[in-house]
Structures are given as C-alpha cells and as structure tokens.
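Enquirer: Here you go, sequence then predicted model.
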Amino acid sequence: MEPNRPGTRIAHIGVAVEALAPLVPFYRDILGMAEVPLADSDGAKIVGLAAGESLVELLEAERPDTPIGKFVAKRGPGIHHVCFAVDDLDGMLAKCQAAGYRLIDQVPRVGAEGKRVAFLHPTSTGGVLVELCDK
C-alpha cells in the first residue's frame, strides 16, 4: 500500500452480511485475501480482508437496532458503503458542506481502523453511503 501518495483513493468497501462465519472462507480461502485485524465498531463485528491497496470489510450486526442490523433488515445483505481515504479530512468535510452535501458526521470520529472517519448521507451522493477517512 502507498498510504502517503497524494489524492483520494478507495480505502475499503463495507459489505453488510447476515453472518460472518459462512462468508469469511470465501474471501480468505477461495479468493486468497489475507485477514486484517480490525476493531468492532458501531455495533458491528468486522472482519477486514486485504484487496490490494484496499480492504473489504465484512460487517455483521451485533444487534438488530445497529446501523448494520437496520440495513440488513431493510435491504438485505450487500454493499453498505464505500470509504475514500483523503489527504485532508477536515478540509474535505468543509468542502462537502459548502457544496451542499449532507453530512451525517459534522466532525470526524474514530472508526474501525483507528482512523478518523465521517459519513456523507446517501441522499446527496447518488444513493451511496460515502465514508471519508484520513490516510
């Protein structure tokens, strides 16, 4: 990975799943993606898998009332969000807000990888929940 290379890049794709156990072997054993230790976050058990310079995060709800639990109940399993690593998270949030994009997080918070993160509402980003993070 080249985390210090300037410019926006895909940090990870978050995939909401009903259960981790049946899916981890596909990514790890069949696709050959190495597991990357990640902390659980926002009421989700998370398994990270390396995909080149990016990660795939498999997200299993710990309870039905969590963001992932609600997502799976409403839409079923599937891609939950795309995370972009940016050079200046605070500056990018200010730029998004000034341009009229709806922020879920007004200020960054700590995410699963221990990095500062902030989400943009999918109603203002073409239906995609966008997460921004520090590189």
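Expert: Yep, it's here. Numbering: from 1, shown residues only.
Enquirer: what about V15, how many neighbours?
Expert: Applying other C-beta atoms under 10 Å, we find 20 other residues in the vicinity of V15. Yep, even glycine has a C-beta here, placed from its N, CA and C like the rest.
Enquirer: Dig out what it forms beta bridges with.
Expert: V15 forms beta bridges with L58, I79, as assigned by DSSP bridges.
Enquirer: Next one: the residue lying farthest from the centre of the chain, what pLDDT does it get?
Expert: Within the chain, A98 marks the point farthest from the mean C-alpha position, 23.3 Å out by C-alpha atoms, centre = their mean. With respect to pLDDT, A98 scores 97.
Enquirer: Could you report the distance from it to G91?
Expert: Look at A98 and G91: by C-beta to C-beta, to the nearest Å, they are 10 Å apart.
Enquirer: picking up where we left off before, Provide a list of residues in contact with the residue farthest from the centre of the chain.
Expert: Contact criterion C-beta atoms under 8 Å, 6 or more residues apart in numbering gives no residues in contact with A98.
Enquirer: Could you measure from it over to M92?
Expert: From A98 to M92 the distance is 11 Å (C-beta to C-beta).
Enquirer: swap in R9?
Expert: According to C-beta to C-beta, R9 and M92 sit 13 Å apart.
Enquirer: and if you look at K74?
Expert: Taking C-beta to C-beta as the measure, K74 falls 28 Å from M92.
Enquirer: In terms of neighbours, single out the busier of the two.
Expert: Between K74 and M92, M92 has the larger neighbour count (other C-beta under 10 Å), namely 19 against 7.
Enquirer: In what element of secondary structure is that one found?
Expert: Element membership for M92, per DSSP states H and E: helix 89-98.
Enquirer: That's all I had, so thanks and see you.
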